[in-house]
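In: I'd like to go over a predicted model; first the sequence, then the structure.
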Amino acid sequence: MHTSNADTTPRLFLPDDLAADVAVMLSDAQAHYLGRVMRMGPGDQLRLFNGRDGEWLARLDSIGRKQAVCRPETRLRPQAPETDIWLAFAPLKREATELVVEKSTELGVSRLCPVFTDRTNTGRINAERWRAIAIEAAEQCERLSVPRITAPMALPAKYSLPTMPVT
């Protein structure tokens, strides 16, 4: 059985409310991760957070191939006020943008704001993928919240910097 050592106890983000002794259902992917990758079973401990209720030590009640139920037991940390740091950035090619999302989450950015400029390298974004990357980064870096991702905006040419001739 796993112990509650913060260095080894799996840590997961849930959108659900967290309260002592109130069972919560994990997603299919989370159940797979805990059961197949981490080889956890009923009675094992994990840590949960949702960006509102702090971080909780929970115990697995049941786990199957595509479902798992756990029960928060003890609040480990109360929810801390989040910084109000926004990052407006022009999306880059896929891997570079994913790195921006990951690192800005680790640094505590509260909102990611993609901005399309005249020279943006891509014309579309994958907000679901970015959210998954932000959640994973928050789980790994001990952050209690996940940054919001806003709808992309166009930056009008009048706000773009003038180009300088290369000499």
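Out: Thanks, I have the structure now.
In: sec struct for the residue positioned nearest the centre of the chain, please.
Out: The residue lying closest to the centre of the chain (Cα atoms, centre = their mean) is Ile135, at 1.3 Å. Classification of Ile135 by DSSP: H, G, I helix; E, B strand; the rest coil places it in helix.
In: Now do the contacts for the residue lying closest to it once chain neighbours are set aside.
Out: Once flanking residues are discounted, Ile135 sits nearest to Phe13: 4.8 Å by Cβ to Cβ, 6 or more residues apart in numbering. In this view, the C-beta of every residue, glycine as well, is placed from N, C-alpha and C. When contacts are counted by Cβ atoms under 8 Å, 6 or more residues apart in numbering, Phe13 touches Leu48, Phe49, Asn50, Gly51, Ile135, Ala138, Glu139, Val146.
In: ditto for Arg143
Out: Contacts of Arg143 (Cβ under 8 Å, 6+ apart): Thr105, Glu106, Gly108, Ala137.
In: which of the residues you listed are buried?
Out: Neighbour counting by 16 or more other Cβ atoms under 10 Å classes Thr105, Ala137 among those as buried.
In: now, which of the contacts of Arg143 sits nearest Ala58?
Out: If you rank these by distance to Ala58 using Cβ to Cβ, Ala137 comes first, at 20.9 Å.
In: returning to what we had before: now the residue nearest to Ile135: phi and psi?
Out: Phe13 adopts backbone torsions of phi -90, psi 130, taken as degrees, to the nearest 10.
In: correct me, but the residue nearest to the centre of the chain touches Val146?
Out: Yes - at 5.3 Å, Ile135 and Val146 qualify as touching, with contact defined as Cβ atoms under 8 Å.
In: how about Gln30, what does it touch?
Out: Leu12, Ala68.
In: That one: what secondary structure?
Out: For Gln30, the secondary-structure state derived from three-state DSSP is helix.
In: Look up how far Phe116 lies from the residue nearest to the centre of the chain.
Out: In this structure, Ile135 and Phe116 are 24 Å apart, going by Cβ to Cβ, to the nearest Å.
In: what residue ranges in the protein score low on pLDDT?
Out: For the chain, residues meeting the criterion pLDDT under 70 lie at 1-7, 157-167.
In: the domain parsing of it - what is it?
Out: If you go by automatic domain parsing, the domain ranges for the chain are 11-77, 86-158.
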